[in-house]
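**Q** From the sequence below, what's the structure:
(2 chains)
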Amino acid sequence: MTGPYSRRAYLRTALGVSALGLSAGCLAASDDADPELTVALSWDVTSDTWTTGFGGVSPYFTNVYETLVRATPEMGTEPWLATDWEATDETTWEFSLREDVQFHDGEALTAADVVSSFDTLFERGSYSWLHLDSDATRALDEHTVEFTTSQPFPAFPEAITHPLTAIHRNPGDPGAVVATGPFAVTEREQGTVATEPFDSYWGDVPTYDLTFSVVQDDSTRALSLESGDADLAFELPRSRVGPLASEDGFSVERSLAPHVVYAGIHRYSEPTNDRRLRRALNHAISQPSLVDTVLDGLGEPARGPISPAISWSAHDEVTRYEYDPERARDLVDASAYDGETLELLVSTDVVVDGDLIAEAMQAAFAEVGVEVSVRRTERAAFFDEMDHADLSLLHYGSNNAGADYRIYQSFHTDGVNNRANYERDGTGLYNLGDEVDALIDRGHRSAGDEREAAYREAQRLIVEDAVVLPICYKEYAVGVRDGVEDLALHPIDKLVDLSRLAVDGGGDV
Amino acid sequence: MSGRFGSYILYRLATALVVLAGVSVLTFGLIYLTPGDPAETILIQQTDQHPSQAQIDAFRAEHGLDEPIPIQYLEWLSSALRGDLGQSYYSGRDVAALIVQHVPATLELAAASMLVALAIALPTGVLSAVHRGERLDAASQLAALVGVSMPNFWLGYLLIIVFSLHLSLLPVAGSGGLSHLLLPAVALGTGMAAIVTRLVRTSMLEVLDATYVEVARSKGLSERVVIYKHALRNALLPVVTVVGLQFGFVLNGAVVVEIVFQRPGLGMLLVDAVFARDYPVVQGVVLVGAVAFVVTNVLVDLSYRYLDPRIRLGGVPS
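**A** This is a model prediction of the structure:
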């Protein structure tokens, strides 16, 4: 078994196997009643089980698992497993369930399943953004559930559009996937999840099988689509968006996400505690040219810390820091900045292409006389170190329609981004203090216009104080093979509905 | 002879244990010196929010991270000696089960890439030596230089573009059969082939000048027999050593190649665990890697006896 002979034999076998595989694939496609679509995901949905991992935060789960309330593409709410709901007092909610819903194992959906799903969630961890205590869910009758929030929280229905709150059954096997969605899992192995249409689905039953294929490497994921191994590829890398869009046989769908990339500027350490310096840094950056050049146009230039995909974003109202190096230099001169080197913390695990963005910022700051060193780290170290960095490049967004937790966590004094520094030094990090805290609290406790007004005012103050340097609102791209039509993206990429695609011939479909 | 062989084995086992203990202390120390808290990293991913101090404290208490580091190490060590490598902080699964689940993909890749490397290197190295100074030699030297200079992730993409995209012969990524194995094996094996080719060439050149080769030729044996039976066998000794040591290189390269080709192997498990600060998984995988490395080295030593009967195993303290 040496040399050319074994190599030839090996190649022959390999080619034979692939030829067999290809023909088997074609046969399967032509004989099978249900065509098959393959979706390449960046996220390993197979490494977790519902009880231990991310469960829910991925397109795989949202097409298999469903929530009581669904986030609409406009980031509002619509009834889903719950037909309607009402607040019976300031902290109590009653949700009525659909009565025609079955789980993938044939059992009917009842209020007890909702209670056990939330119980499972709270066994895993604490979700303060739900404002629910662990025993705050109870079944009033077979199809009515009551939730008690720990404080008045009118946006509760919006909060539970988060895919983590999906309803499922866990019949003892933590790896089992038993939910109510339009697709039921038939096989789940490392890196691949095969599903088929769920015939007893309460809505329109899909007409094709769906396979989720995990391809974490960005370039390989794009190549899977181009080679025909996948029919859709999520999270296309920016370098492939343009070429794929102009290539025959493919299209690229893009959607603004409720996520933003911004640099948080330490408000309480010298010299960035001087607002003139923070404003100078804001005037030093041209977001449109940064998005065009560094991000190949994938994203929208940002002005505030909340993406316009979220209903109460104040993007159009906040102070505009036009790109003005002259003004920036004047502000630097007037500030307490004395030539010291500021540290810009960045992690490409936190912000995709964060290193490139940071380098562009570094060059722009140098133009206005501010020295910045870029400190690269990886995700785990990043969150340890951001408490001390002068600037940290952050990526935040919301996976539910309400997004209340986003502004609270980042800018409220008790928000997790600020609390450690507040408790240790009495300061915080990006929190402005009482006035903004009160506005955020009011937003949290009110509904409708009052809520929006409070959050918008908070954003105006945050941007005016220049405690953030907004870079871009995130846009994500999905590559689609020709023959797959009607893909309607959702601002939250984890909520894209893959059950209503129009599929015709070609490839393995 | 057998007594001496037995004590040699014991000696190697004892040194292997010292090496493994050293590796485990180093890994343990290094992870704890690395900034980044597993509690925070893992809780952010699981709950979609930054954890509060109370949550972090609870996580640390649950996983024994609030103990002093030496105590944590001793607890880990005593469990590991009983075969219990602990549970993943992230998924809660047994580390041993995770490793068992991921080992086959990596072993397949390692074996296949070594096969690819040897299949390229042996004939090329021999031909290069036999045709020393000729065009064939220069071409093979150049090919080896190119091979060793190509980063394996880049070669991986190149192979995908040619064989999956343009020729549609093989799948882009994943695991499952020979068709999934071929491209990663070539991507990983090529770099090693380049190194081994040069080694085979050098080693063959030395051997071809030896007296016994002259003698074999003067006996009228065909050049083919002289080269493959007499010269190559003797030239293989250093090659075996290097191929054995290359096992470490294979594991190292597997990390990158597994990510490019989305093969769920140990490399991918390790990288994910390092980024998530999933200490028990990092410890477990590194330990298994170290065991594999040590065992391979012992096997390499033992194989000398069979390749060259003149070698007697020594180095055993009397």
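
**Q** For A:Leu132, list each beta-bridge partner.
**A** Legend: beta-bridge partners of A:Leu132 under DSSP bridges are A:Thr149.

**Q** List the contacts of it.
**A** A:Phe118, A:Phe122, A:Phe147, A:Thr148, A:Thr149, A:Ser150 (Cβ atoms under 8 Å, 6 or more residues apart in numbering or on different chains). All C-beta atoms are positioned from the backbone trio N, CA, C, and that covers glycine.

**Q** Just to check, the last one is in contact with A:Leu130?
**A** Translated: A:Ser150. No - A:Ser150 is beyond contact range of A:Leu130, at 9.0 Å (criterion: Cβ atoms under 8 Å).

**Q** the more surrounded of the two?
**A** Ranked by neighbour count (other Cβ atoms under 10 Å in any protein chain shown), A:Ser150 and A:Leu130 place A:Leu130 first, with 24 against 12.

**Q** who in the stretch 201-318 of chain B is up against chain A?
**A** B:Ile259, B:Val260, B:Phe261, B:Gln262, B:Pro264, B:Asp272, B:Phe275, B:Ala276, B:Arg277 (Cβ under 8 Å from any Cβ of the partner chain).

**Q** Rebuild the residues you listed as a markdown table, extending it with pLDDT, secondary structure and neighbour count.
**A** Formatted as a markdown table, those follow (pLDDT from 0 to 100; DSSP: H, G, I helix; E, B strand; the rest coil; neighbours: other Cβ atoms under 10 Å in any protein chain shown):
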| residue | pLDDT | secondary structure | neighbour count |
| --- | --- | --- | --- |
| B:Ile259 | 85 | helix | 21 |
| B:Val260 | 87 | helix | 27 |
| B:Phe261 | 87 | coil | 31 |
| B:Gln262 | 85 | coil | 26 |
| B:Pro264 | 83 | coil | 23 |
| B:Asp272 | 82 | helix | 17 |
| B:Phe275 | 80 | helix | 14 |
| B:Ala276 | 78 | helix | 21 |
| B:Arg277 | 82 | coil | 24 |
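
**Q** could those go into a markdown table alongside distance to A:Leu489?
**A** Formatted as a markdown table, those follow (distance: Cβ to Cβ, whole Å):
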| residue | distance to A:Leu489 |
| --- | --- |
| B:Ile259 | 27 |
| B:Val260 | 28 |
| B:Phe261 | 28 |
| B:Gln262 | 24 |
| B:Pro264 | 29 |
| B:Asp272 | 28 |
| B:Phe275 | 28 |
| B:Ala276 | 29 |
| B:Arg277 | 33 |
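
**Q** Now flag whichever of the residues you listed is closest to A:His266.
**A** B:Arg277 (24.3 Å; Cβ to Cβ).

**Q** In contact with the closest one, which residues?
**A** B:Arg277 touches A:Ala380, B:Ile31, B:Thr34, B:Gly36, B:Asp37, B:Pro38, B:Thr41, B:Ile42, B:Tyr89, counting by Cβ under 8 Å, 6+ apart.

**Q** Leaving out sequence neighbours, find the closest residue to the fifth one.
**A** The shortest distance from B:Asp37 to any residue that is not its chain neighbour, by Cβ to Cβ, 6 or more residues apart in numbering or on different chains, is 6.0 Å, and that residue is A:Asp384.
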